[in-house]
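Colleague: how would this look folded up:
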Amino acid sequence: MIRLSQLFRSSALGAIHKPGRGQLVPAFIVFAAGTGFAGHHGTDTTPKKPWNRPPSNHPIDELISEARLEFNTLMGKRSLTLEQAALRYRERRGRHPPPGFDKWFAAAVEQDAVIVEEFFDRIHHDINPFWGLAPHEIRRRAHGQAFMVLVRNGKARPAQDDKETHFRQQQWLELVQKIAPNLPDLDMFINHMDESRVMVPWDKLSEHVAAEQKSRRLLPPGQAITKYSGVADVDDAPRHDPVWLHGETHKFWDHVRDACPPDSPGRKVSALPTFNVSIEFPMAPMPEYTYKGYVKNFTASQDPCLQPHLRGMHGTFIEAISMSTTEQLMPLFGECKLPQNNEMLIPSAMYLAEGTRKEYSGGGARGGPWRNKKDGVMWRGGASGARNKADHWWHNHRHRFVQMLNGTTLSAVEAGDEDAGPTFRLLPAESEFYPFTARKEGTLGAWVATWADVEFAAMFCDPPDTGPDGKPLKTCKHTDAFMKVSAGVPFERMYDWKYLPDVDGNSFSGRYRAFLQSTSLPLKSTIYQEWHDTRLMPWVHFVPFDNSYLDIYGIMEYFFNHHDEEAERIALEGQAWANAVLRKEDMLLYTWRLLLEYARVMDDNRDRLAYVEDLMR
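Modeller: Numbers count the residues shown, from 1 in each chain. Reported below is the predicted structural model:
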């Protein structure tokens, strides 16, 4: 298998000249566009389906084409020297890089990392609000919290009063230990929960962001300093205790709403007073982020503020498993968050522990050739995402996902029995969206049954149903009439299928990186953000779909109907890209750079701390 890093090493510039175009094109793009993949020659593996081929100007064709052009442009910005990296940092951030930037870049070059400044937008989105807090206040808020990683004198350790190291904390501790010799002293307060925890109301956060923008300045190089002050002044300080909100899981939307922009649709609606009502299912795609029914802006598609219907259609807003949220800006690190949350994102502990947590990856193998895979969709998982209760289970997103990909349920709804599918609604036959034959003719259920293998492996009832022996059952009495529980599928067997959808659980899905590194095609729907989002391009490395799941049928109809090669291309290009930019080396480099920024923003001399050596030569 050809790896993307090898392709970049094939040229000193990381790009090759494409004849007749007069421009540099990243080697990866030319490789992907100019060569065929295994499975494209010989036997025709295109699925034969009982409907007419869609028009050649299918919206997904346009989305793929535009995404490739955008990715091509982005890759043209790759920094290959320290001087380029520092220049592009200053152009994009409006200030000098932090001290230690040169050592970080040298390590990136040594690890053959792909450095594009836009890949690190996530860091600055997360850090910038803290420029609106006094440095001492940031240090004070971080000190003495539970689940801490401390860096002192080039060494990382857990806080002394931590009686045991949580799994997530241990993974991040080991990561920071590898880079600690290159870090100033600092305190990392780490979120060990599934749910994100810091959510500052919009008005207050806007003040912090405005303060950061006002502080941007490229000070004269002669005024810069490189020595960090450290955090010793708070070592003996009492722990800061913000107000943590608990027990409002069923009203969580109201806190999200307060973090939405004033003119957004989500700001205008409150949490549902009760969930013992029918769902409010959108009967058309959201124009804010879709193009002719399909996701065009993946970042916007993650935003609940643009989708007020999600207050009754995603488990996060129904009744999450736990809640411990503060509206005060706390320097908390976590592995995922809603767009409205304010944690600083670091790579998931599940990704870091891939070698020991095979339930999230399946081990080292990532599937065989595309042509040998089953031509369909595979998903197994638990009914997580919210408490699975008899009075609101039909509002949970995973229940909806399973029902919408169950042929029997779809056929019953098509026949007029809406009660068979309380989690969703079907578009009327006359709808202008997704105009393929199976939907128009009312044979959607029969068609989906031919390619979807999507079932729960456990229901997680709340409270648990028990059998005659008193032991908890995998099934739930309140959902037995709507869905069955199937045997689990070993993770590595999922790679036998071409299409692997990935949806949220209690928060993000720990499977995503493994899916990206596989020879199957990831289909991704989420409202949660992760560290790697700015280095992945939808329609180039994965296929996005809406959190209503309204578009999933149109997506599958496109790929099944004479677009198998497009699916394979995205799958294999995504795999090559993931193996180049989602490596553990990349996670380490991302965390290293994040912690340099974090150490600077909480330093009393933060306005003068800067790397400027490249300007002094």
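Colleague: Same question for the helix or strand harbouring residue 60: list its buried residues.
Modeller: Using DSSP states H and E, residue 60 sits within helix 59-75. Neighbour-count burial for helix 59-75 flags 59-60, 63-64, 67-68, 71-72, 74-75 (criterion: 16 or more other C-beta atoms under 10 Å). (Each C-beta comes from the backbone N, C-alpha and C, glycine too.)
Colleague: Please, where are all the helices along the stretch 1-150 of the chain?
Modeller: Applying DSSP state H, counting those that start in this stretch to the stretch 1-150 of the chain gives helices spanning 4-9, 27-34, 59-75, 82-93, 101-110, 121-127, 135-142.
Colleague: Now those in TSV, please, with extra columns for mean pLDDT and distance to residue 322.
Modeller: Output for those, formatted as TSV (pLDDT from 0 to 100; distance: least, C-beta to C-beta, whole Å):
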stretch	mean pLDDT	distance to residue 322
helix 4-9	34	39
helix 27-34	34	42
helix 59-75	98	37
helix 82-93	99	36
helix 101-110	99	36
helix 121-127	99	23
helix 135-142	98	22
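Colleague: Ok, which of these comes nearest residue 417?
Modeller: Counting by C-beta to C-beta, residue 417 lies closest to helix 59-75 out of the helices of the stretch 1-150 of the chain; the figure is 31.4 Å.
Colleague: most tightly surrounded among the helices of the stretch 1-150 of the chain?
Modeller: Among the helices of the stretch 1-150 of the chain, ranked by average contacts under mean count of other C-beta atoms under 10 Å, first place goes to helix 135-142 (a mean of 20).
Colleague: Check which helices and strands that one sits against.
Modeller: strand 186-190 (3 or more C-beta pairs under 8 Å, 6 or more residues apart in numbering; DSSP states H and E).
Colleague: how about the strands in the stretch 451-600 of the chain?
Modeller: Using DSSP state E, counting those that start in this stretch, the strands found in the stretch 451-600 of the chain span residues 452-458, 497-502, 521-524, 543-544.
Colleague: Redo the ones you listed as TSV? Include mean pLDDT, mean neighbour count and distance to residue 263.
Modeller: Putting the strands of the stretch 451-600 of the chain into TSV (pLDDT from 0 to 100; neighbours: other C-beta atoms under 10 Å; distance: least, C-beta to C-beta, whole Å) gives the following:
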stretch	mean pLDDT	mean neighbour count	distance to residue 263
strand 452-458	97	20	37
strand 497-502	99	24	32
strand 521-524	99	25	28
strand 543-544	99	27	25
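Colleague: Please name whichever of these is nearest to residue 368.
Modeller: Proximity to residue 368 (C-beta to C-beta) singles out strand 497-502 among these, at 11.1 Å.
Colleague: Now do the phi/psi pair for residue 385.
Modeller: phi 110, psi -20 (degrees, to the nearest 10).
Colleague: Kindly report the same for residue 609.
Modeller: Residue 609 adopts backbone torsions of phi -70, psi 120, taken as degrees, to the nearest 10.
Colleague: Touching, it and residue 100? I think so.
Modeller: No: Residue 609 sits out of contact with residue 100 when judged by C-beta atoms under 8 Å, with a separation of 9.7 Å.
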